[in-house]
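Asker: return atomic coordinates for the entry below.
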Amino acid sequence: MNFLLVGTNPENTGAATHFVALAQALAAARHRVHVIAHPGGPIARELAGAPGVRVYAGQFRNVLDVRAYVLVVTLARHFRPDWLIGNFGKEYWPLLALGRALRIPVALFRHRTPPMKHLSAWFVPRLAQRFFAVSTHARQAYLDRGIPAARVQVLYNPVNMEHCRFDLHRRTAMRASLGIDGQAIVLGYAGRMQRGKGVFTLLEAATAAMARNQQLHCLWLGDGPDATAVRELARCSVHADRHHFIGWTDDVQSWYSVMSMLAFPSIAMETFGRVSVEAQASGVPVLGSNLGGIPETMDAGRTGLLLPPGDPVAWCDAILALCDPAIREPMAAAARPFVEQHFSGASIAAQLVSSLAAAGAATTKHHHPGGVFP
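Answerer: Now for the predicted structure:
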């Protein structure tokens, strides 16, 4: 197939990471991939020089940005894409309008649960030829809003399996740089440092677990409004030397090799959980809160454990359970094959293409001339 992906948001978000991984996966499957991205933004940087992907600088500053419309029309007329694909809310209406005008079907991804603005929440899933939620949990939120089930499909976030791979040499070097013993057990956290992410629950649980296992260390990746408070509480702990704060990093994937387990302790609703999937792709079992889309990111009991959100006692017990290699190592061994099957770029690209092809077949069956339009 021939795709034109439009993602001009300049921010470094999970949706941007999804956009990059999807473009790479489609190109790896030998589809033609053209991308319009914000110049100098994370999407353009990550896809620069990517095999099989051609990137063009552009930006939708608002829904009436004439220059952006002209760019999409120019590229669409030149490359004749089979589908327009969008990932960001501010581009939904422009892509829907352009799709109608150019008679090119539109597929849209939604990375957050509702609400969109009322009219958008009603019309966008109905007007797009394919509208994807990134988890069953997120899809249900749209069905609860009255969107017909046939209008919302689930397609998970793809993960670049080559970027998420255990590296023993990296593990040894990075642990040594932090003064962590090679035999230590490292509990990792990667994400925004704020209360809703469960960081205070994790800190309390990890500190209690450290008192019972002298080999346990905690690695903190990320920044946010509560980072200073978490650091200060850890500094006042008797186990302060075993809390390691890295701060914000664009290269989270390198740090998974350092971890023995990953914690995803959110107490606020999560639509999905990319770090959970990336960690498992790197052979790291996950402790995750049993809420929102998090349970969909793991095979509970086999690649990790689901825990009650906000319960430091349960989290402490689970951390200590995974300190036992007899429990942790089989989970680590099962983690990467699980991700390969359900979340790899190749798997998600194949599912996307199958869904889009089905849309075309349904249109042909119902004799709609000129394109995939209801």
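
Asker: buried residues of stretch 228-242, list them for me.
Answerer: Across stretch 228-242, burial judged by 16 or more other CB atoms under 10 Å covers Val230, Arg231, Leu233, Ala234, Ser237, His239, Arg242. Glycine gets a C-beta too; all of them are placed from N, C-alpha and C.

Asker: which residues touch that stretch?
Answerer: 193, 199-200, 203, 207, 210-211, 216-218, 220, 243, 245 (CB atoms under 8 Å, 6 or more residues apart in numbering).

Asker: quick one: buried residues of stretch 346-366?
Answerer: Buried residues in stretch 346-366, counted by 16+ other CB under 10 Å: Ser347, Ile348, Ala349, Gln351, Leu352, Val353, Leu356, Ala359, Gly360, Thr363.

Asker: and what of stretch 11-26?
Answerer: Residues 14-26 are the ones in stretch 11-26 that count as buried (16+ other CB under 10 Å).

Asker: widest-spaced pair of the contacts of stretch 228-242?
Answerer: The largest separation in the contacts of stretch 228-242, counting by CB to CB, is between Met193 and Ala211 at 22.8 Å.

Asker: these two: who's more crowded?
Answerer: A direct count of neighbours by other CB atoms under 10 Å for Met193 and Ala211 places Met193 higher, at 23 against 12.

Asker: re the thing from before, which ones among the contacts of stretch 228-242 lie within helices?
Answerer: In this view, the contacts of stretch 228-242 that belong to helices under DSSP state H are Val199, Phe200, Leu203, Thr207, Met210, Ala211.

Asker: how distant is stretch 224-243 from the center of its chain?
Answerer: With CA atoms, centre = their mean, to the nearest Å as the basis, stretch 224-243 stands 27 Å off its chain's centre.

Asker: bridging residues for Ile36?
Answerer: Val6, Tyr56 (DSSP bridges).

Asker: which ones are touching it?
Answerer: With contact set as CB under 8 Å, 6+ apart, Ile36 has these partners: 4-8, 55-58, 68, 71-72, 75.

Asker: wait, isn't Trp83 in contact with Met1?
Answerer: Yes. Under the criterion of CB atoms under 8 Å, Trp83 makes contact with Met1 at 6.8 Å.

Asker: so which helix or strand takes in the closest residue to Asp250 other than its chain neighbours?
Answerer: Of all residues not flanking Asp250 in the chain, Asn12 sits nearest, at 7.2 Å (CB to CB, 6 or more residues apart in numbering). Of the helices and strands defined by DSSP states H and E, none includes Asn12.

Asker: can you put the contacts of Ile36 in TSV and add pLDDT?
Answerer: Formatted as TSV, the contacts of Ile36 follow (pLDDT from 0 to 100):
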residue	pLDDT
Leu4	98
Leu5	98
Val6	97
Gly7	95
Thr8	94
Val55	97
Tyr56	97
Ala57	97
Gly58	96
Ala68	95
Leu71	97
Val72	97
Leu75	97
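
Asker: follow-up on the earlier one: how about the buried residues of stretch 346-366 in a markdown table, adding secondary structure?
Answerer: Formatted as a markdown table, those follow (DSSP: H, G, I helix; E, B strand; the rest coil):
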| residue | secondary structure |
| --- | --- |
| Ser347 | helix |
| Ile348 | helix |
| Ala349 | helix |
| Gln351 | helix |
| Leu352 | helix |
| Val353 | helix |
| Leu356 | helix |
| Ala359 | helix |
| Gly360 | helix |
| Thr363 | helix |
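
Asker: any chance of a markdown table for those, columns pLDDT?
Answerer: Below are the buried residues of stretch 346-366 laid out as a markdown table (pLDDT from 0 to 100):
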| residue | pLDDT |
| --- | --- |
| Ser347 | 96 |
| Ile348 | 96 |
| Ala349 | 96 |
| Gln351 | 97 |
| Leu352 | 97 |
| Val353 | 97 |
| Leu356 | 96 |
| Ala359 | 89 |
| Gly360 | 73 |
| Thr363 | 56 |
